[in-house]
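In: Structure for the following, please:
(one chain, ligands or ions: 1)
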Amino acid sequence: MDKVDVIIVGAGVVGLAIAAKLAQQFNNVLIIDKNASFGEETSSRNSEVIHAGIYYPQNSLKAKLCVQGKAMLYRYCQERHIPVNKIGKLLVAHGSEEEAFLKETLIRAQKNGVNDLTWLNQQELKKLEPELLASAALRSPSTGIIDSHAYMQSLLAQAEQHNAMFVAQTTMLGASPTQQGFEVSLESQGEHLSITCKYLINCAGLHSEKVAHTIKGLHKSHIPQLHWCRGHYFSYQGKSPFKQLIYPIPSDNGLGIHASLDMGGQLKFGPDTQYIDQLSYDFPSKLKEKFLNQVSQYFPNIDANKLQPAYAGIRPKLQGKDDSFKDFVIQSSEVHQVEGLINLFGIDSPGLTSSLAIAEHVAEKLKVV
Ligand SMILES: Cc1cc2nc3c(=O)[nH]c(=O)nc-3n(C[C@H](O)[C@H](O)[C@H](O)COP(=O)(O)OP(=O)(O)OC[C@H]3O[C@@H](n4cnc5c(N)ncnc54)[C@H](O)[C@@H]3O)c2cc1C
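Out: Take a look at the predicted model:
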């Protein structure tokens, strides 16, 4: 195999969704990942929440692809029997200032086409979630949870059914434009090889900036700087005190330390936000104190002994520590003038929710739908 139609760099949830989509249009789609299997980085280190699309600015890609992706994802999961549960979410406020944020959010959500939010007062909340402390909340009934591993497995199976090939332990080292597309150099289990392709898709997550710098002909001005922002999770032993997801008001460039459940009913709290320079999934000391402090604001009966460090994930953010909102960046030759190249930068949350819509968007950019 020295010539294919498409090379997709990165087998996270986004690369797999793109592979499943493009394999329907092209005979030879190759998807590579430097790790031993698919989805070993950000795609398996997140909250596994299907977001409603309520926070993002109107007309942003995040707003559009999240709302569109949510509907596509629920449909996909139903058709393919992937574990999913539309359990709903409460966005909770304490006091009038935070309630004003809820009112703004209600309007923003409607602008994004999310019209099913309802307002709950303190009495209604007490009845619904007796352990919850809040003065008011918005309920989002379309928010849900998903088994993201089963979802990725299904995307890969779908891509392979259409003749796509996934090769693990294979790193893209660089690419040079040719008359017909690209010559891509790869390192696969100690061996160097080169493959030509017509289309090259860079969806390397945390490494997409680094990968972009290895593509000859791509001007540096089109490569944005990524900021790595780690989020930690603590699991909570025993039965969950909540029936749905509980989110505080967003803070510190994240959605706030929320309470979410996985498909097995395990409750976890997280993620927080910590900008980092080196890729590492370590837990800093004193983190438990910070979690207890923040979570007890909406769950005052939290038992410190039941809180155990679980895992961490790293967001590939375009938004630096003091920056305002930054959208997904999905670049085609219209932007960078390199024919056949698509770069995806800053695919942080809601990337899992948006994955099928991102794949559709990429196919549109390649003009193959
Ligand atoms: C803490 C946290 C919580 C989140 N919660 C949610 C949520 O609840 N809901 C939601 O919708 N989204 C959530 N997200 C966002 C979501 O997880 C991501 O948007 C999504 O997983 C991104 O997928 P990806 O395929 O772009 O990247 P990744 O999963 O990072 O995949 C990129 C792949 O590229 C590979 N790669 C890199 N460089 C190379 C190379 N040179 N050669 C070959 N392969 C390479 C990597 O090995 C990796 O497997 C969360 C993210 C974080 C960090």
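In: Could you use CA atoms for every contact and neighbour count after this?
Out: Will do.
In: Can you get me a residue count around His213?
Out: 16 (other Cα atoms under 10 Å).
In: Pro224 is in contact with that one, correct?
Out: No. Here His213 does not reach Pro224: they are 10.3 Å apart, not a contact under Cα atoms under 8 Å.
In: got the CA coordinates for the longest helix belonging to the chain in CSV?
Out: The longest helix of the chain (DSSP state H) is helix 61-80. Taking C-alpha atoms only, helix 61-80 is exported to CSV below (Å, rounded to 0.1, in the frame of the first residue of the first chain):
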residue,chain,number,x,y,z
LEU,A,61,-19.1,26.4,15.0
LYS,A,62,-19.3,25.1,18.5
ALA,A,63,-23.0,26.1,18.7
LYS,A,64,-23.9,24.9,15.3
LEU,A,65,-21.9,21.6,15.3
CYS,A,66,-22.9,20.8,18.9
VAL,A,67,-26.7,21.2,18.3
GLN,A,68,-26.5,19.3,15.0
GLY,A,69,-24.1,16.7,16.3
LYS,A,70,-26.2,16.0,19.4
ALA,A,71,-29.2,15.1,17.2
MET,A,72,-27.0,13.0,14.8
LEU,A,73,-25.4,11.2,17.8
TYR,A,74,-28.6,10.2,19.5
ARG,A,75,-29.9,8.9,16.2
TYR,A,76,-26.7,7.0,15.5
CYS,A,77,-26.6,5.4,19.0
GLN,A,78,-30.2,4.3,18.6
GLU,A,79,-29.6,2.7,15.2
ARG,A,80,-26.4,1.0,16.3
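In: what about the next helix or strand along the chain from it, near the ligand?
Out: Of the helices and strands lying after helix 61-80 in sequence (DSSP states H and E), the nearest is strand 84-85. No. Legend: contact between strand 84-85 and the ligand by Cα under 6 Å from any ligand atom is lacking; minimum distance shown is 12.8 Å.
In: Strand 84-85 packs against which elements?
Out: The helices and strands touching strand 84-85, judged by 3 or more Cα pairs under 8 Å, 6 or more residues apart in numbering; DSSP states H and E, are strand 144-146.
In: Spell out whether the strand it packs on and the ligand are in contact.
Out: No. Applying Cα under 6 Å from any ligand atom, one finds strand 144-146 separated from the ligand by no less than 8.0 Å.
In: Pull the residues that contact that strand.
Out: 48-51, 82-89, 261-263 (Cα atoms under 8 Å, 6 or more residues apart in numbering).
In: can you pull out the strands in the stretch 251-369 of the chain?
Out: Secondary structure of the stretch 251-369 of the chain by DSSP state E, counting those that start in this stretch: the strands cover 258-261, 267-270, 274-276, 307-317, 329-331, 341-345.
In: So for the fourth one, what gets flagged as buried?
Out: Residues of strand 307-317 classed as buried: 307, 311-317 (neighbour count, 16 or more other Cα atoms under 10 Å).
In: Surely Ser355 and Gly12 touch.
Out: No. Using Cα under 8 Å, Ser355 is not in contact with Gly12, being 9.8 Å away.
In: Kindly state the pLDDT recorded for Met1?
Out: The model reports Met1 with a pLDDT of 67.
In: ok so, going back, now for the strands of the stretch 251-369 of the chain, which one comes closest to the ligand?
Out: With Cα to the nearest ligand atom as the criterion, the ligand lies closest to strand 307-317 of the strands of the stretch 251-369 of the chain, at 3.8 Å.
In: Against which helices or strands is that closest one packed?
Out: Strand 307-317 packs on strand 227-236, going by 3+ Cα pairs under 8 Å, 6+ apart.
In: Against Glu40, how distant is Tyr275?
Out: Distance, Tyr275 to Glu40, by Cα to Cα, to the nearest Å: 21 Å.
In: Figure out the helix or strand that Ser208 lives in.
Out: helix 208-213.
In: How far does that helix sit from its chain's centre?
Out: 19 Å (Cα atoms, centre = their mean, to the nearest Å).
In: can you list contacts of that helix?
Out: Contacts of helix 208-213 (Cα under 8 Å, 6+ apart): 172-174, 202, 204, 218, 220, 223-226, 343-345.
In: surely Met152 meets Ser37?
Out: No. Taking contacts as Cα under 8 Å, Met152 lies outside contact range of Ser37: 11.1 Å.
In: which stretches of the protein form helices?
Out: 13-22, 61-80, 95-111, 122-128, 148-161, 208-213, 287-295, 333-336, 351-365.
In: Same list (the ones you listed) but as a markdown table, adding mean pLDDT.
Out: Shown next, in a markdown table, are these (pLDDT from 0 to 100):
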| stretch | mean pLDDT |
| --- | --- |
| helix 13-22 | 98 |
| helix 61-80 | 98 |
| helix 95-111 | 96 |
| helix 122-128 | 97 |
| helix 148-161 | 98 |
| helix 208-213 | 98 |
| helix 287-295 | 96 |
| helix 333-336 | 96 |
| helix 351-365 | 98 |
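In: which residues does the residue nearest to Thr214 when sequence neighbours are not counted contact?
Out: Leaving aside its sequence neighbours, Thr214 sits nearest to Gly174 (Cα to Cα, 6 or more residues apart in numbering; 4.6 Å). Residues counted as contacts of Gly174 (Cα under 8 Å, 6+ apart) are 184-186, 211, 214-216.
In: what sits opposite Gly174 in the beta ladder?
Out: Taking DSSP bridges as the rule, Gly174 bridges to Ser185.
In: Could I get the strands of the stretch 251-369 of the chain in a markdown table, plus columns for mean pLDDT and distance to the ligand?
Out: A markdown table is the format used below for those (pLDDT from 0 to 100; distance: least, Cα to the nearest ligand atom, whole Å):
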| stretch | mean pLDDT | distance to the ligand |
| --- | --- | --- |
| strand 258-261 | 96 | 9 |
| strand 267-270 | 97 | 8 |
| strand 274-276 | 96 | 10 |
| strand 307-317 | 97 | 4 |
| strand 329-331 | 98 | 11 |
| strand 341-345 | 98 | 8 |
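In: Perfect, I'm done here.
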